[in-house]
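can't give you the sequence, but here's the structure:
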């Protein structure tokens, strides 16, 4: 059971990282595609800086971190699609998110070896 706590922390850190990246990309999207203020670029830059900082907090080699993070990003982006964009997710969306998260778990489990 003790291995679950570090795994939960890593997963939580990945989800926070994904939110920072999505916000950092969504705000310029609002400016460019939805007629938002150019001032949206200021918090977007800050959010992307937080994203990079959060990625740097992981104890594994950068390539492994990026690979594992990709799975969490997929799931988080789909949740963003549902909650922010209001799009109903399909069964294949949920299945894909599950597969992506399983991939993250497999990669992270190998960090301890």
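Arrived safely, thanks for sending. As the structure is a computational prediction, the values presented were derived from the model and not from experiment.

Find the residue at the geometric middle of the protein.
residue 18 (2.1 Å; CA atoms, centre = their mean).

Report the contact partners of that residue.
By CB atoms under 8 Å, 6 or more residues apart in numbering, residue 18 lies in contact with 69, 72-73, 76-77. Just so you know, the C-beta spots here come from the backbone N, C-alpha and C atoms, and that holds for glycine as well.

between these, which is nearest residue 45?
residue 73 (19.4 Å; CB to CB).

now the helix or strand hosting residue 70: mean pLDDT?
Counting by DSSP states H and E, the element that carries residue 70 is helix 62-83. Taken as a whole, helix 62-83 has an average pLDDT of 93.

May I see the buried residues of the secondary structure element (helix or strand) that the residue nearest to the centre of the chain belongs to?
Element membership for residue 18, per DSSP H and E: helix 4-34. Neighbour counts using 16 or more other CB atoms under 10 Å place 10-11, 13-24, 26-28, 31 of helix 4-34 among the buried residues.

pLDDT averaged over stretch 86-102, what's the number?
97.

Just checking the distance from that stretch to the centre of its chain.
14 Å (CA atoms, centre = their mean, to the nearest Å).

Pull the residues that contact it.
Stretch 86-102 has contacts (CB under 8 Å, 6+ apart) with 70-72, 74-75, 78-79, 81-82.

Who are the contact partners of residue 57?
Neighbours of residue 57 in contact, by CB under 8 Å, 6+ apart: residue 13.

Relative to residue 8, how far out is it?
Distance of residue 57 to residue 8, computed by CB to CB, to the nearest Å: 15 Å.

what helices or strands is the host helix or strand of residue 53 leaning on?
Using DSSP H and E, residue 53 falls within helix 41-55. Where contact means 3 or more CB pairs under 8 Å, 6 or more residues apart in numbering; DSSP states H and E, helix 41-55 is packed against helix 4-34, helix 62-83.
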